[in-house]
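In: Requesting a structural model of the entry that follows:
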Amino acid sequence: MNKVLVYVYVPLIEQEYNLFIPINRKIGLIKKIIANSIIELSDNNYEVEYSYNLYNKDTNRLYNDSSYVIDTDIRNGSKLILL
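Out: Numbers count the residues shown, from 1 in each chain. Predicted structure coming up:
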């Protein structure tokens, strides 16, 4: 499978989403994909900041933009925070 289903919590708008993300892409691109998806899903209530980070909700791990998703601990059901 080329995608995983993750839970993403966005504190700025106090919303949570379930999204499929590709595992063969870098975290930097995944953050953009997630942000753009949330903009659409929230009816433009979420404004993309110049800089934002992706964290693991359970371990508080900050993901490096140059890492590939497949090389991280992100799996089906992972809980992430976009901050």
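
In: Okay, strands next: where are they in this protein?
Out: Taking DSSP state E as the criterion, the chain carries its strands at 3-10, 15-22, 54-56, 79-82.

In: between those strands, which gets nearest to Tyr46?
Out: strand 3-10 (6.3 Å; Cβ to Cβ). Glycine gets a C-beta too; all of them are placed from N, C-alpha and C.

In: What is that closest one packed up against?
Out: Contact analysis of strand 3-10 by 3 or more Cβ pairs under 8 Å, 6 or more residues apart in numbering; DSSP states H and E lists strand 15-22, helix 27-41, strand 79-82 as its packing neighbours.

In: Columns distance to Leu41 and mean neighbour count on top of the strands of the chain, output as a markdown table?
Out: Written out in a markdown table, the entries for the strands of the chain read as follows (distance: least, Cβ to Cβ, whole Å; neighbours: other Cβ atoms under 10 Å):
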| stretch | distance to Leu41 | mean neighbour count |
| --- | --- | --- |
| strand 3-10 | 10 | 18 |
| strand 15-22 | 6 | 15 |
| strand 54-56 | 17 | 19 |
| strand 79-82 | 12 | 20 |
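
In: Now render those strands as CSV, adding mean pLDDT.
Out: Shown next, in CSV, are the strands of the chain (pLDDT from 0 to 100):
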stretch, mean pLDDT
strand 3-10, 96
strand 15-22, 95
strand 54-56, 97
strand 79-82, 97
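
In: how about those, which one is nearest Asp73?
Out: Taking Cβ to Cβ as the criterion, Asp73 comes closest to strand 54-56 out of those, the separation being 6.7 Å.

In: other SSEs contacting that closest one?
Out: Here strand 54-56 touches helix 27-41, strand 79-82, going by 3+ Cβ pairs under 8 Å, 6+ apart.

In: can you do 6 Å?
Out: The criterion is 3 or more Cβ pairs under 6 Å, 6 or more residues apart in numbering; DSSP states H and E, and the helices and strands that strand 54-56 contacts are strand 79-82.

In: Which neighbouring elements make contact with the strand it packs on?
Out: For strand 79-82, the contact count by 3+ Cβ pairs under 6 Å, 6+ apart identifies strand 3-10, strand 54-56 as packing neighbours.

In: Which one of the ones you listed lies nearest to Ser67?
Out: The minimum distance between Ser67 and those falls on strand 54-56, with 10.2 Å, by Cβ to Cβ.
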